[in-house]
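# sequence-free structure coming up:
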């Protein structure tokens, strides 16, 4: 490769058998250190407040404004593994392969307009507390405790290990660090931050870190386009294989179209539980909605997240991914350029950090600071979220109830450190971001419909959720073992089979088991007031009027929101491709749907929100159970 003006040292400074390693200058390191210092300020300022109670530590005292919630959500989902995953997807099947996660916009918009207000009305501290609010008896207790371990420990550590793996790959390319060194430094940084700040500090720091991370993303795209192999935007479009550029699949190849487009848009979005895109909201998305100061803040904050997540962030990563196919056409080109990197880490997802070698002095520091900010933002959220499950829903509920708030906060800080340690150890087992993405989706396949229906159909019970989780897990493990034995099943076929079999199991179990007892259902409806015919008999028992929500209005807002975001996404994409007519058409659609969406949201809040108590207050006021 020809000498670039942005390289750190002349080629003679490198051994003949080594590629041009990246070395941060003093200016780069100053930028990174300054970024860390700025990010830690909110944690230090808010440490005392965070330690005062679990409500402050895990839900920021339910006083967060919409703009802080939205930016915090999008900062959390922007992690070191995200651009690596997008690069992996683009290099394997082109831009169209991003429908694997673009399809989750349907889930996100459903959370905005159907579930955000319901979560805020529930008044729970964690989304797992919901189970003993919505269901009754020992099954409700079991499912709460089981999911605290399953999600807070196992699932959460898998996600953090995926993020750690991406950080290790970036550090290997940019700094030449081995994985163990990267994990040791990152673990110390994250534990010190997350254990100190609580959710207030996490969200305040997210706001700063998101700006740093996005600046780095745009810089990476800008300098990737300047490479002679790429030749700017026009050169990128002209030189890239047209099959890689398509926003929609070639329906002449129905097998690919089914796998990357049809199934994600028709089945995957509502059937799969995936952190950050859970049907009905959940995990750290629910945590943010529960931290909102009002129902309006919960809804608009979640809307801001979905707009930024899908319409704002995608294209800088995609541009770098497409440019990487011209600079490093094969994975072997990456390995040859960076021979000092552990061969086990080399894959298509490594192309993103490999493209960072073209950043000049100063900008490389900004990029490293941005990736570090994205990493800390995601890990600190997962540590806080997972700790909330293990402390509030497991330790406080089953092991030591009745202790002081400061005791639970102290246990939470210790749990934070242990979670980080386990995630770091699990990192050594994973190979790529794509592998982890598919593993997480396969385990959660088939459970999503329950998380949508449990708010709107009284007949769903705790056994429904238990049977869905168990069957989904067993089926996913079966496909995994079959694949290891040589009987590999295509991922989209495995998804359809898992969803189908899991759905049959949980629907059958629901109809064969006793429903939640009537006093619990009445108490839940009094508190949450879901709309629709699924609660008609329960609503009659409460003596209350109809729900303040309107399902037709919510469906219209959901559809309009999806049109708005997809139109904005495609308007930007076609503008970058130089397709002016399509860019203008999608821009008009985005503006029109945006105006309609604004009016619909205003109409939803014309009636002033009634004051809401906590879930515990509602249960106390409920009639005694039979």
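It's in. These numbers were taken from a predicted model, which means no experiment stands behind them. Numbering: from 1, shown residues only.
# C-alpha only now, for contacts and for neighbours.
Noted.
# Can you tell me how far residue 183 is from residue 24?
The span separating residue 183 from residue 24 equals 19 Å under the rule CA to CA, to the nearest Å.
# again, but for residue 110
44 Å.
# Neighbour count for those two, which is higher?
Using other CA atoms under 10 Å, the more surrounded residue of residue 110 and residue 24 is residue 110, with 26 against 18.
# Show the model's pLDDT score for the residue nearest to residue 482 when sequence neighbours are not counted.
Closest residue in space to residue 482, ignoring its immediate chain neighbours: residue 488 at 6.3 Å, by CA to CA, 6 or more residues apart in numbering. For residue 488, the pLDDT comes out at 82.
# List phi and psi for residue 272.
phi -110, psi 130 (degrees, to the nearest 10).
# what's near enough to touch the nearest residue to it once chain neighbours are set aside?
Nearest residue to residue 272 in three dimensions, chain neighbours excluded: residue 445, at 4.3 Å (CA to CA, 6+ apart). Contacts for residue 445 (CA atoms under 8 Å, 6 or more residues apart in numbering) come out as 268, 271, 272, 273, 472, 495, 498, 499, 502.
# taking these one by one, which sit in strands?
When the contacts of residue 445 are checked against strands using DSSP state E, none is located there.
# out of those, which are inside helices?
271, 472, 495, 498, 499, 502 (DSSP state H).
# And for the fourth one, the neighbour number?
The local packing of residue 498 (other CA under 10 Å) involves 27 other residues.
# And residue 400, what's its pLDDT?
Reported pLDDT for residue 400: 93.
# Tell me how far it lies from residue 407.
From residue 400 to residue 407 the distance is 10 Å (CA to CA).
# swap in residue 232?
Following CA to CA, the distance that separates residue 232 from residue 407 is 57 Å.
# Specify which residue of the two has the higher count of neighbours.
residue 232 (17 against 13).
# what's stretch 38-47 in contact with?
Against stretch 38-47 from outside (CA under 8 Å, 6+ apart): 193, 196, 197, 198, 200, 201, 202, 204, 205, 208, 209, 373.
# pretty sure the last one is touching residue 210, no?
By that I understand residue 373. Yes. Using CA atoms under 8 Å, residue 373 makes contact with residue 210 at a distance of 7.3 Å.
# more neighbours, these two?
residue 373 (30 against 23).
# Tell me who's in contact with that one.
Per CA under 8 Å, 6+ apart, neighbours of residue 373: 35, 36, 39, 209, 210, 212, 213.
# Tell me the most packed of those, by neighbour count.
Neighbour-wise, the contacts of residue 373 (other CA under 10 Å) top out at residue 209, 29 neighbours.
# Shouldn't it be within a helix?
Yes. Counting by DSSP: H, G, I helix; E, B strand; the rest coil, residue 209 falls inside a helix.
# pLDDT score for the closest residue to it other than its chain neighbours?
Spatial nearest neighbour of residue 209, chain neighbours left out: residue 373 (5.0 Å); criterion: CA to CA, 6+ apart. The per-residue pLDDT reported for residue 373 equals 80.
# Just the element for residue 373, please.
For residue 373, the host element (DSSP states H and E) is helix 363-388.
# on contacts alone, who are the packing partners of the helix or strand hosting residue 89?
Taking DSSP H and E as the criterion, residue 89 maps to helix 81-93. Under the contact criterion of 3 or more CA pairs under 8 Å, 6 or more residues apart in numbering; DSSP states H and E, helix 81-93 touches helix 156-174, helix 242-245, helix 314-327, helix 351-355, helix 433-444.
# need the next SSE after that helix, C-terminal direction.
Next along the chain after helix 81-93, taking DSSP H and E as the criterion, comes helix 99-102.
# helices and strands of this protein: which one bottoms out on pLDDT?
helix 615-621 (a mean of 40; mean pLDDT, DSSP states H and E).
# before we move on, back to that, and the residue nearest to residue 482, how far from residue 479?
For residue 488 relative to residue 479 (CA to CA), the value is 8 Å.
# of the two, who's got more company?
Neighbour comparison, residue 488 and residue 479: the larger count goes to residue 479, with 20 against 13 (by other CA under 10 Å).
# Next up, the contacts around that one.
488, 489, 494.
# surely residue 575 meets residue 587?
No. With contact defined as CA under 8 Å, residue 575 and residue 587 do not form a contacting pair (9.7 Å).
# In terms of neighbours, single out the busier of those two.
residue 587 (20 against 16).
# Would you check that that one makes contact with residue 573?
No. Contact criterion CA under 8 Å: residue 587 and residue 573 do not qualify, at 10.9 Å.
# show me where the stretch 151-300 of the chain has helices.
Along the stretch 151-300 of the chain, the segments classed as helices by DSSP state H, counting those that start in this stretch run 156-174, 179-225, 232-239, 242-245, 254-257, 263, 269-271, 283-290, 295-307.
# Which of those sits closest to residue 346?
Residue 346 lies closest to helix 156-174 among those, at 8.3 Å (CA to CA).
# Give me the helices and strands touching that closest one, please.
Under the contact criterion of 3+ CA pairs under 8 Å, 6+ apart, helix 156-174 touches helix 81-93, helix 179-225, helix 351-355, helix 363-388, helix 405-427, helix 433-444.
# Next, residue 342: phi, psi?
According to degrees, to the nearest 10, residue 342 has phi -50, psi 120.
# any idea how far it is from residue 156?
The value you get for residue 342 to residue 156, if CA to CA is used, is 26 Å.
# Just give me the residue closest to the centre of this protein.
Central residue of the chain (CA atoms, centre = their mean): residue 276, 3.1 Å from the mean position.
# which residue sits closest to that residue in space, ignoring its chain neighbours?
Counting by CA to CA, 6+ apart, the residue nearest residue 276 is residue 285, at 6.0 Å.
# roughly how far apart are that neighbour and residue 588?
31 Å.
# One more: residue 520?
48 Å.
# Read off the pLDDT value for residue 19.
At residue 19, pLDDT is 43.
# what does residue 336 give?
So, for residue 336, pLDDT stands at 89.
# and if you look at residue 332?
pLDDT, residue 332: 91.
# show me what contacts it?
No contacts exist for residue 332 under CA under 8 Å, 6+ apart.
# per-residue pLDDT, the residue lying closest to residue 503 once chain neighbours are set aside?
Spatial nearest neighbour of residue 503, chain neighbours left out: residue 446 (6.0 Å); criterion: CA to CA, 6+ apart. On pLDDT, residue 446 comes in at 83.
# and what of residue 528?
94.
# what about it, distance to residue 69?
Note on residue 528: its distance to residue 69, by CA to CA, is 21 Å.
# Over to residue 212?
18 Å.
# Over to residue 600?
Applying CA to CA, one obtains 21 Å for the distance of residue 600 from residue 69.
# okay, those two: which has more neighbours?
More neighbours surround residue 69 than the other of residue 600 and residue 69, with 30 against 16 (other CA under 10 Å).
# Now do the same for the more buried one: helix, strand or coil?
Looking at residue 69 with three-state DSSP, the answer is helix.
# so who does it touch?
Contacts of residue 69 by CA under 8 Å, 6+ apart are 203, 288, 289, 292, 298, 301, 302.
# rerun at 6 Å
Contacts for residue 69 (CA atoms under 6 Å, 6 or more residues apart in numbering) come out as 288, 301.
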